[in-house]
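**Student:** Got a predicted model here, sequence first, then my questions.
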Amino acid sequence: QVQLAESGGGLVQAGGSLRLSCAASGEGLFDVRSMGWHRQAPGKQRELVASISGNQITYADAVKGRFAISRDNAENTAYLQMDSLRAEDTAVYYCFANGYVATIGYQRFDVRGQGTLVTVSS
């Protein structure tokens, strides 16, 4: 079973920075194809923040130029550097990952972390 360990959330003033990390682990972990983050603010729908799959990186329009996603493939770990944070970035950020595990043959996995709270004070 693939698990995600998230860290890095917290409270920061507007204009500040935080870095989130997300490490995937599990028996038979073979190929982590995509990793990224969604976020959900109170009373709002969940939205994609950023994702990385190979050389393809996607950002939500709201975070372009302020957030940067990167990945350490050897450690199956993704990072989200969040700069110039705004009050509207306040949300629970959920890491996700998908790919394949090699147990009995190859099986696809698609998991999400428990979430980490990011609070930006104005």
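**Tutor:** Okay, I see it. Residues are numbered from 1 along each chain as shown.
**Student:** tell me the contacts of the spatially most central residue of the chain?
**Tutor:** Averaging the C-alpha coordinates of the chain gives a centre point, and the residue nearest to it by C-alpha atoms, centre = their mean is Trp37 (3.0 Å). Trp37 sits next to 20, 22, 48-51, 69, 78, 80, 93-96 when contact means C-beta atoms under 8 Å, 6 or more residues apart in numbering. In short, each C-beta sits where N, CA and C put it, glycine included.
**Student:** Going by secondary structure, it is in what exactly?
**Tutor:** Assigned by DSSP states H and E, Trp37 belongs to strand 29-40.
**Student:** can you pull the buried residues of that strand?
**Tutor:** Of the residues in strand 29-40, Leu29, Val32, Ser34, Met35, Gly36, Trp37, His38, Arg39 count as buried by neighbour count, 16 or more other C-beta atoms under 10 Å.
**Student:** circling back: in the sheet, who's paired with the residue nearest to the centre of the chain?
**Tutor:** Bridge pairing for Trp37 (DSSP bridges) gives the partners Ala50, Cys95.
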